[in-house]
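Participant: what would the 3D arrangement of this be:
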Amino acid sequence: MMRSILSVIAMVSAVSLLYKWRYRLLNTLLTVGIIRRVAVSASMNIPSFREKLLPELFNSNSHNN
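Facilitator: You can find the predicted model right below:
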């Protein structure tokens, strides 16, 4: 019983720390080239993400203002 309570407390603590430092961890992971390439290719396989991102990247009017 005590062991399971300690496991739950440890898991909740780990998740809360990961949530707190999520952007720092993401930036650290994305400095590794192969992980960055895998993340970009995986995100480009998501249709809604691709439909929103690509028009904004290649819109020539956004840089003229």
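
Participant: can you tell me how far G33 is from E51?
Facilitator: 27 Å (CB to CB, to the nearest Å). No exception for glycine: its C-beta is placed from N, CA and C like everyone else's.

Participant: what about the protein, any weak spots by pLDDT?
Facilitator: 60-65 (pLDDT under 70).

Participant: now the most centrally placed residue in it: which helix or strand?
Facilitator: Nearest to the mean C-alpha position of the chain, by CA atoms, centre = their mean, lies L26 at 5.8 Å. L26 belongs to helix 22-30 when assigned by DSSP states H and E.

Participant: CA atoms only for that helix, dumped as PDB, please.
Facilitator: This file holds the C-alpha atoms of helix 22-30, laid out as PDB (Å, rounded to 0.1, in the frame of the first residue of the first chain):
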ATOM      1  CA  ARG A  22       8.400  21.800 -20.900                       C
ATOM      2  CA  TYR A  23       9.700  24.600 -23.100                       C
ATOM      3  CA  ARG A  24      13.300  24.300 -21.800                       C
ATOM      4  CA  LEU A  25      13.200  20.600 -22.300                       C
ATOM      5  CA  LEU A  26      11.800  21.000 -25.800                       C
ATOM      6  CA  ASN A  27      14.500  23.500 -26.800                       C
ATOM      7  CA  THR A  28      17.200  21.200 -25.400                       C
ATOM      8  CA  LEU A  29      15.800  18.200 -27.400                       C
ATOM      9  CA  LEU A  30      15.500  20.200 -30.600                       C
END
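
Participant: give me the helices and strands touching it, please.
Facilitator: helix 33-44 (3 or more CB pairs under 8 Å, 6 or more residues apart in numbering; DSSP states H and E).

Participant: after the helix it packs on, which helix or strand is next?
Facilitator: helix 47-57.

Participant: what's the angle from that next one to helix 33-44?
Facilitator: Relative orientation of helix 47-57 versus helix 33-44 (axes from the mean of the first three to the mean of the last three CA atoms, to 10 degrees): 100 degrees.

Participant: chain center to helix 47-57: distance?
Facilitator: Offset of helix 47-57 from its chain centre (CA atoms, centre = their mean, to the nearest Å): 16 Å.

Participant: what about the helix ranked longest in the chain, distance to the chain center?
Facilitator: As assigned by DSSP state H, the longest helix anywhere in the chain is helix 2-20. Mean-position distance between helix 2-20 and its chain equals 21 Å (CA atoms, centre = their mean).
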